[in-house]
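Asker: make a model of this:
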Amino acid sequence: MVAVVSSASADVVREEPVVAIKTKVSKTKTESSLTVDAVSATLQLSYVEHIQRCYRDRFGKKPKASASGTMKLVFGVEPDGKTIGVVVASFDKKLDACVVGRARRWTFTPPKDKADKPIATSFVYEFALTPLPAEKPPTKAGGTDNVVMSEEEAAAHAGMLYGGEVEPPLDSTRRPGASLGQQLEDVKNHQVVVGGSAGRGGRVTTAPNSTSTPDAPSGRIAVASKASLDSTTLSADTVLAKIQSAYMAGLKRCYKTQLKSNPTLQGKLRMSFTVEATGKTSNVTAKSSAPALDACVKGMIEGWRFPNPKSGDQPTTARFDYALALTPD
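Answerer: Have a look, this model is predicted:
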């Protein structure tokens, strides 16, 4: 979670988290293309900060130790990706009501069944909420991992996620799924804390049960081919330039994560997507020899933004196809 909140003034207001949110239970009631890992990554990246805000509004910036306990979150995801039937139960009814109001506005990647047909699905989560010290977010202790990020890093990351905007609104309708490269691997049972007071010494630790090794290769990604399937003002070269300048780092994180468990992973990764008239991506596909890599890359692409394509002076859509060559170092 990146705690970056927009303000009415020109100044960027960044609030430190006041509660550690650790996933205790995460499961789905219906099998679909929308997996628990994908939903968990979206929650962690886009929506856990909503729970943080509700908690802060309820208990203040210095919550008492008694303001802790378990929160159960149940919700369905409709075929169009919108949430339905949100139920929240914790130790505080006002906190529950706030989270319900937020969760009803969440959206996820539309789920599909094995026949690639739209389907409704549902998820159950249980979080442990623990107040954080007012001035010093926790670091790794007792086998629990934390992610600590400086204010500069948070701003830079927020700019990447929101196509260059450093001040995304808290209730942004940004297409979810633009995950950090390691989200799909790191999201299970993690306690995630992002704050500015940790200073420039922030670091990312790895779960004790991770299969990663210090010597895992980082991998190299080269563009093997590019193609624009529509004639518009948005060219394949323009899109590629944006990918290389703003989004390639995320693709490399996805690849590096997979290299930790499969150091010899290599070959072609084909990406196809449509850029809508608004600049958002849709109809995203990612195909390689590693399904987990495909899921990570697909989630990244779904959060990308590009210049609005036009045909003459009229807004239109444009589809692109890219092939990347993956090579372990």
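
Asker: and the residue nearest to residue 228 when sequence neighbours are not counted, its phi and psi?
Answerer: In space, and not counting its chain neighbours, residue 228 is closest to residue 236: 4.0 Å by CB to CB, 6 or more residues apart in numbering. Any C-beta I mention is one placed from the backbone N, CA and C, and that applies to glycine too. Dihedral pair for residue 236: phi -60, psi -30, per degrees, to the nearest 10.

Asker: tell me, which helix in this protein spans the most residues?
Answerer: helix 248-261 (DSSP state H).

Asker: so what strands line up beside the next helix or strand after that one?
Answerer: For helix 248-261, the following helix or strand on the C-terminal side (DSSP states H and E) is strand 267-275. Here strand 267-275 has these sheet partners by DSSP bridges: strand 281-287 (antiparallel), strand 318-327 (antiparallel).

Asker: what's the angle from the shortest one to helix 248-261?
Answerer: If I follow you right, that is strand 281-287. 30 degrees (axes from the mean of the first three to the mean of the last three CA atoms, to 10 degrees).

Asker: please identify the deepest-packed of the strands paired with strand 267-275.
Answerer: Of all those, strand 318-327 has the most neighbours on average by mean count of other CB atoms under 10 Å, namely a mean of 19.

Asker: pLDDT on that strand, on average?
Answerer: The average pLDDT within strand 318-327 is 94.

Asker: which residues touch it?
Answerer: 219-230, 232, 234, 236, 239-240, 243, 251, 255, 265-275, 283, 288, 309 (CB atoms under 8 Å, 6 or more residues apart in numbering).

Asker: from these, list just the buried residues.
Answerer: By neighbour count, with 16 or more other CB atoms under 10 Å, the contacts of strand 318-327 hold 219, 221, 226, 228, 232, 234, 236, 239-240, 243, 251, 255, 265-266, 269-275, 288, 309 as buried.

Asker: so residue 44, which of the three states?
Answerer: helix (DSSP: H, G, I helix; E, B strand; the rest coil).

Asker: what's the local residue count around it?
Answerer: 21 (other CB atoms under 10 Å).

Asker: distance check, it against residue 314.
Answerer: According to CB to CB, to the nearest Å, residue 44 stands 39 Å off from residue 314.

Asker: ditto for residue 30
Answerer: According to CB to CB, residue 30 stands 41 Å off from residue 314.

Asker: those two: who's more crowded?
Answerer: Higher neighbour count among residue 30 and residue 314: residue 30, with 14 against 8, using other CB under 10 Å.

Asker: doesn't that one fall inside a helix?
Answerer: No - with three-state DSSP as the criterion, residue 30 is located in coil rather than a helix.

Asker: could you find the closest non-adjacent residue to it?
Answerer: Residue 30 sits nearest to residue 121 (CB to CB, 6+ apart), 4.0 Å away.

Asker: what residues does the one you found make contact with?
Answerer: Taking CB under 8 Å, 6+ apart, one finds 28-32, 34, 76-77, 111 in contact with residue 121.

Asker: what's the farthest-apart pair in those residues?
Answerer: 31 and 76 (14.1 Å; CB to CB).

Asker: so, low pLDDT: which residues of this structure?
Answerer: Along the chain, the parts satisfying pLDDT under 70 run over 1-15, 134-216.

Asker: any idea how it splits into domains?
Answerer: Listed domain ranges for the chain are 19-201, 220-327 (source: automatic domain parsing).

Asker: and stretch 277-286, how far out from the chain's middle?
Answerer: On the basis of CA atoms, centre = their mean, to the nearest Å, stretch 277-286 sits 16 Å off its chain's mean C-alpha point.

Asker: let's see it as PDB, backbone CA atoms only.
Answerer: Extracted as PDB, the C-alpha positions of stretch 277-286 are listed here (Å, rounded to 0.1, in the frame of the first residue of the first chain):
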ATOM      1  CA  ALA A 277     -10.100   6.400 -26.300                       C
ATOM      2  CA  THR A 278      -9.500   7.400 -22.700                       C
ATOM      3  CA  GLY A 279      -5.900   6.100 -22.700                       C
ATOM      4  CA  LYS A 280      -6.800   3.100 -20.500                       C
ATOM      5  CA  THR A 281      -5.900  -0.400 -21.500                       C
ATOM      6  CA  SER A 282      -8.400  -3.300 -22.100                       C
ATOM      7  CA  ASN A 283      -8.600  -6.700 -23.700                       C
ATOM      8  CA  VAL A 284      -5.100  -7.500 -22.200                       C
ATOM      9  CA  THR A 285      -3.400 -10.800 -22.900                       C
ATOM     10  CA  ALA A 286       0.100 -12.000 -21.800                       C
END
